[in-house]
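Asks: just coords:
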C-alpha cells in the first residue's frame, strides 16, 4: 500500500456512487461520506489514474487563494483516507493520518487544563433546552459535555473519519438520541434548526491558523440564533521580544556559525544563504514550557484582540509599538495567546503559566538576524491575517528614537 505523497497515483474507488440530492453524499460500498469542498471536481479528475501532484495542478484553477488551495489539498487527502480515492493497488490507508490521527486527540485530551476549561465553560453556558452546534467535534468530548449540561439537542460537525468513532462515544454515554453527527465541513453542511450555543475548539498554535474567524462568521450567519452564546468568545494575541539561544537559533535559521562549520566539513561556501530572503522571515514553534527561562526584553504587548462573538470579516491588520527595557540580543518575537472560554475561564499559552501537558506551542518569529538592543529602543510590530493569503504575517521593524 502506497503512502500518500506527491507521486502517489490515485483513482476513484470502483464501488463509488454519488447521491446529488439534498446535501451531496458519496458512497463507497456500505460506507457513506459527506461531500467536502471541490468533491465533485476531484472525483471527475480522478476518473482515470493520476498522480496526486498532477491532480492538484490540474485543479488549482478552481481554488483561488491560499485557503481555497488548502481546502482542495485537504479534500483530496480526506477522500483518500475515506477510501473514496484508492491507490494503484486499489487500497486506501490502513491507519489514520492528519486530523484523524490518534496522537492529535490523545494529546488534546491529555491537556487537562485545556479540556477541563472547555468543560467548565460548557457547564456554565449551556442551559436546559438549548440547541448546541459543536464544530470539529473530534472525539466528541465537548458534544457529550453539552448534552450533559442539559442541551435539548447537539449537532456535532466533523469532516474527518474520526466522527464515526465519536458517534459511538455518543451512544456509549447514553446520548445517541440527543447528539447527531453531521459529517462534513461546517461551511458545506446545513442544520435542521438554529442553535442557541456554538462550541468549537479549533484554535491552533497560531490561534487563527485553523480558520476560527471564518468558521465562526459563517456559523453565526447560517447556524445561530441572534442571541446565541459562543465558546470561546475572545482571543488576545500577545508578543514579547525575546533572546533566542545560539543552539536553538542554529536549528531554524542560517547562521554564520553553521555556514562556517559546513564550509570546513564539506568544503562548500554557503554564506549566500545568510542574506537570502529565505532567512529574513522565519517562524518556528516550540513548547511554551521550554522558553520559560529565555530572557524577555520587554513586557508583553497585545498584537490583536479579537471578539469571536461578533467579528464578521476575517481580516486582521493591527500594529503596535514595543519599547525595550532590558539590554540583550534580540532574536525574535515570542507570540502566544489568551483565550476567553467563558466568564472567569481563561486559557493561556504564556510560558509563565502553561503547564507540562499544554498541547499548544508558542511561536517565535525572527528576522534572520540577531540584534543587540538596549533600554529605550523602540520597534513597530505589524500583525496581519487574511484568508486569501498564506495565513498570519508578523513584521518587527526598528523605530527611530526621539
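Replies: Yep, that arrived. What you are looking at is a predicted structure, and each value in this text was computed from that prediction instead of being measured.
Asks: Surely residue 285 forms part of a helix?
Replies: No - judged by DSSP: H, G, I helix; E, B strand; the rest coil, residue 285 forms no part of a helix; its state is strand.
Asks: ok now do the closest residue to it other than its chain neighbours, which residues does it touch?
Replies: Excluding its sequence neighbours, the residue lying closest to residue 285 (C-beta to C-beta, 6 or more residues apart in numbering) is residue 361, at 3.8 Å. Quick note: C-beta positions are derived from backbone N, CA and C, even for glycine. Residues in contact with residue 361, defined by C-beta atoms under 8 Å, 6 or more residues apart in numbering, are 205, 285, 286, 287, 288, 349.
Asks: and if you look at residue 262?
Replies: By C-beta under 8 Å, 6+ apart, the residues touching residue 262 are 268, 270.
Asks: So for it, what pLDDT did the model give?
Replies: You'll see residue 262 listed with a pLDDT of 94.
Asks: Tell me how far it lies from residue 268.
Replies: To residue 268, residue 262 is 7 Å away according to C-beta to C-beta, to the nearest Å.
Asks: before we move on, what about residue 226?
Replies: Look at residue 226 and residue 268: by C-beta to C-beta, they are 64 Å apart.
Asks: again with residue 168
Replies: Residue 168 sits 56 Å away from residue 268, taking C-beta to C-beta as the criterion.
Asks: More neighbours: the two, which one.
Replies: residue 168 (12 against 8; other C-beta atoms under 10 Å).
Asks: Can you classify the more buried one by secondary structure?
Replies: Under three-state DSSP, residue 168 falls in the helix class.
Asks: what's the spacing between it and residue 140?
Replies: Note on residue 168: its distance to residue 140, by C-beta to C-beta, is 9 Å.
Asks: repeat for residue 162
Replies: Applying C-beta to C-beta, the value for residue 162 to residue 140 is 9 Å.
Asks: same deal with residue 117?
Replies: Using C-beta to C-beta, residue 117 is found at 18 Å from residue 140.
Asks: Which one's more surrounded, the two?
Replies: Legend: neighbour count by other C-beta under 10 Å for residue 117 and residue 140, higher for residue 140 (27 against 20).
Asks: mind listing what that one touches?
Replies: By C-beta under 8 Å, 6+ apart, residue 140 lies in contact with 156, 166, 167, 169, 170, 179.
Asks: try 10 Å this time
Replies: 105, 134, 147, 154, 156, 158, 162-163, 165-170, 172-173, 175, 179, 181 (C-beta atoms under 10 Å, 6 or more residues apart in numbering).
Asks: I'd like to know which of the residues you listed are buried.
Replies: 105, 134, 147, 154, 156, 158, 162-163, 165-167, 169-170, 175, 179, 181 (16 or more other C-beta atoms under 10 Å).
Asks: Pull the contacting residues for the most centrally placed residue in the chain.
Replies: Residue closest to the average C-alpha location in the chain (C-alpha atoms, centre = their mean): residue 210, at 3.0 Å. Applying C-beta under 10 Å, 6+ apart to residue 210 gives the contacts 99, 136, 200, 201, 202, 203, 204.
Asks: for this structure, longest strand please?
Replies: Looking across the chain with DSSP state E, the single longest strand is strand 332-342.
Asks: Provide the strand pairings for it, with the direction of each partner.
Replies: strand 234-242 (antiparallel), strand 345-348 (antiparallel), strand 362-366 (antiparallel) (DSSP bridges).
Asks: Just put those strands in JSON lines and tack on mean neighbour count and distance to residue 222.
Replies: As requested, the strands paired with strand 332-342 are exported to JSON lines (neighbours: other C-beta atoms under 10 Å; distance: least, C-beta to C-beta, whole Å):
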{"stretch": "strand 234-242", "mean neighbour count": "22", "distance to residue 222": "22"}
{"stretch": "strand 345-348", "mean neighbour count": "19", "distance to residue 222": "27"}
{"stretch": "strand 362-366", "mean neighbour count": "23", "distance to residue 222": "31"}
